[in-house]
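In: A structural model of the following input is requested.
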Amino acid sequence: MALGFTARAAMLATACLASPAASAQEATTFFADKTINFLVASGPGGGYDMYARILTRHFGRNIPGNPSFAVQYLPGGGGIVAANNLYGLSKKDGTVMGLLASSTFLLAAVGDPHTKFDNLKFTFIGNMNEEADTCSVWHTTGIKSVQDLKSRETIIGTAGVGSNSHTFPLGMNAVIGTRFKTIPGYSGGAQIRTTAMERGELHGSCGIFVSTLGAQFGQPLAEGKLNVVLQMGLARHPKYKDVPNALELAPNEAGRQALELLFAQLALGRPILAPPDVPKDRADLLSKAFQDTMRDPQFVAEAEKTNVETRWFEAKRMADVMRKMENAPASVKTQVRAILDQQN
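Out: This next block holds a predicted model:
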């Protein structure tokens, strides 16, 4: 006998109500016996690698099914290679995620043609640390202040066009009058640049996060061989409260707004993302597992022991930061594109 309208409607309603529960159940079993490929936007040995390694040692334990992780390094283009790969070439089922360079989000926001991704369409998992950036010089250079950076040419190595180590110096040259000479080609981690300083090949380096300094360069800092003379960010980092922030040195409001857009990305210092269109139940599960990992006593203990800073926050705030960058006034984006010599 044919079902009446009321019976059919009741069956449809029951199916719709059951569907989310079934989907959630599927997500809790999906990752069993899986390997998650974890892309890193740099080579081994640097700050990104440090964060990737500590996260992947603990993340799987907090994901239902306890998947394993395989770390894959994709340096190049100041992080653009990894971002393009994660966005456009990776599986969208939750088995691929990555730690991307925040600098690539700025480039996409201002229209760099090499960025083949939409910032707001990534699947946000969580951010491991809100960062501040630094410019450091080797002690033999005689450079001791921002005024020295303005009065003489300072040769710095960069991880490549598009990286913070390259774009920030260009912005500060244009806005506050520093005289950085950027030499690209020092990709693979900040240690490569500090080694080049020690050899006398470079005067210094920008684009070394405060967290990387604390975890990897404690000895040369303590010995006075590596000196932080300038920092970048929306506020001074508590560890370097006596070091001037470039934002404070902007001579006018237009310059300040340009630097604010340049530095906004630093909030996303160690961002974990997946490709677009990951099923929502799996994305939610991974985001919750990320938060659980950041609170995991074993993770916290290792981070403290190895001086890995974790001023972390969740996926929702990641989206808010991205949206603010995307919604910056057109005039400010034009100014930043001009600074970076990336006008369309």
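In: Mind listing residues that contact the helix or strand hosting residue 38?
Out: Using DSSP states H and E, residue 38 falls within strand 35-40. With contacts defined as C-beta atoms under 8 Å, 6 or more residues apart in numbering, strand 35-40 is touched by 48-49, 52, 56, 60, 67-74, 82, 85-86, 90, 94-100. C-betas here are computed from N, CA, C, even on glycine.
In: Which of those fall within strands?
Out: Those of the contacts of strand 35-40 mapping onto strands are 68, 69, 70, 71, 72, 73, 96, 97, 98, 99, per DSSP state E.
In: What subset of those residues is buried?
Out: Using 16 or more other C-beta atoms under 10 Å as the burial test, the ones in strands among the contacts of strand 35-40 include 69, 71, 73, 96, 97, 98, 99 as buried.
In: With distance to residue 227 and pLDDT added, can I get those residues in CSV?
Out: Formatted as CSV, these follow (distance: C-beta to C-beta, whole Å; pLDDT from 0 to 100):
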residue, distance to residue 227, pLDDT
69, 37, 98
71, 33, 97
73, 30, 96
96, 40, 98
97, 37, 98
98, 33, 97
99, 28, 98
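In: mind putting the residues you listed in a markdown table, distance to residue 40 included?
Out: Listed next are these as a markdown table, based on distance: C-beta to C-beta, whole Å:
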| residue | distance to residue 40 |
| --- | --- |
| 69 | 11 |
| 71 | 6 |
| 73 | 5 |
| 96 | 12 |
| 97 | 11 |
| 98 | 7 |
| 99 | 5 |
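In: residue contacts, residue 194?
Out: If you count contacts by C-beta under 8 Å, 6+ apart, residue 194 has them with 136, 138, 205, 217, 220, 226.
In: rerun at 10 Å
Out: By C-beta atoms under 10 Å, 6 or more residues apart in numbering, residue 194 lies in contact with 136, 138, 157, 186, 202, 204-205, 208, 213, 216-217, 220, 225-226.
In: Need the three-state assignment for residue 239.
Out: Three-state call for residue 239 (DSSP: H, G, I helix; E, B strand; the rest coil): helix.
In: now, the most widely separated pair of the contacts of residue 194?
Out: Greatest spatial distance in those: 186 and 225, 18.2 Å, computed using C-beta to C-beta.
In: For these two, indicate the residue with more neighbours.
Out: residue 186 (25 against 16; other C-beta atoms under 10 Å).
In: What residue, apart from its backbone neighbours, is nearest that one spatially?
Out: residue 157 (3.7 Å; C-beta to C-beta, 6 or more residues apart in numbering).
In: Touching, that neighbour and residue 198? I think so.
Out: No. The criterion here is C-beta atoms under 10 Å, and residue 157 misses it with residue 198 at 12.0 Å.
In: So for these two, which residue has more residues nearby?
Out: For residue 157 versus residue 198, neighbours defined as other C-beta under 10 Å are more numerous around residue 157 (26 against 15).
In: Contact partners for the more buried one?
Out: By C-beta under 10 Å, 6+ apart, the residues touching residue 157 are 165-166, 182-187, 190, 192-197, 201-207.
In: What's opposite it in the beta bridge?
Out: residue 183 (DSSP bridges).
In: and the gap between it and residue 125?
Out: Separation of residue 157 from residue 125 (C-beta to C-beta, to the nearest Å): 31 Å.
In: again with residue 41
Out: For residue 41, the distance to residue 125 - C-beta to C-beta - is 15 Å.
In: And those two? Which one has more around it.
Out: Each of residue 41 and residue 125 has its neighbours counted (other C-beta under 10 Å); residue 41 has more, 30 against 26.
In: so what's that one closest to, chain neighbours aside?
Out: Nearest non-adjacent residue to residue 41 (C-beta to C-beta, 6+ apart): residue 82, at 3.7 Å.
In: if I look at the one you found, how far off is residue 304?
Out: In this view, residue 82 and residue 304 are 28 Å apart by C-beta to C-beta.
In: can you map out the strands along this protein?
Out: Under DSSP E, the chain gives strands at 35-40, 68-73, 96-99, 123-127, 133-138, 154-157, 180-183, 204-209, 226-232, 271-274, 313-314.
In: Mind listing the strands the fifth one pairs with, and their directions?
Out: Based on DSSP bridges, the strands next to strand 133-138 in the sheet, each with its direction, are strand 204-209 (antiparallel), strand 226-232 (antiparallel).
In: Point out the most buried one among the ones you listed.
Out: Mean neighbours per residue, mean count of other C-beta atoms under 10 Å, is largest over the strands paired with strand 133-138 for strand 204-209, with a mean of 28.
In: Work out the gap between that one and the centre of the chain.
Out: 15 Å (C-alpha atoms, centre = their mean, to the nearest Å).
In: for stretch 316-336, same thing?
Out: Computed by C-alpha atoms, centre = their mean, the chain-centroid distance of stretch 316-336 equals 15 Å.
In: Same question for stretch 281-288.
Out: 20 Å.
In: Show me which positions of that stretch end up buried.
Out: Taking 16+ other C-beta under 10 Å as the criterion, stretch 281-288 shows 281, 282, 283, 285, 286, 287, 288 as buried.
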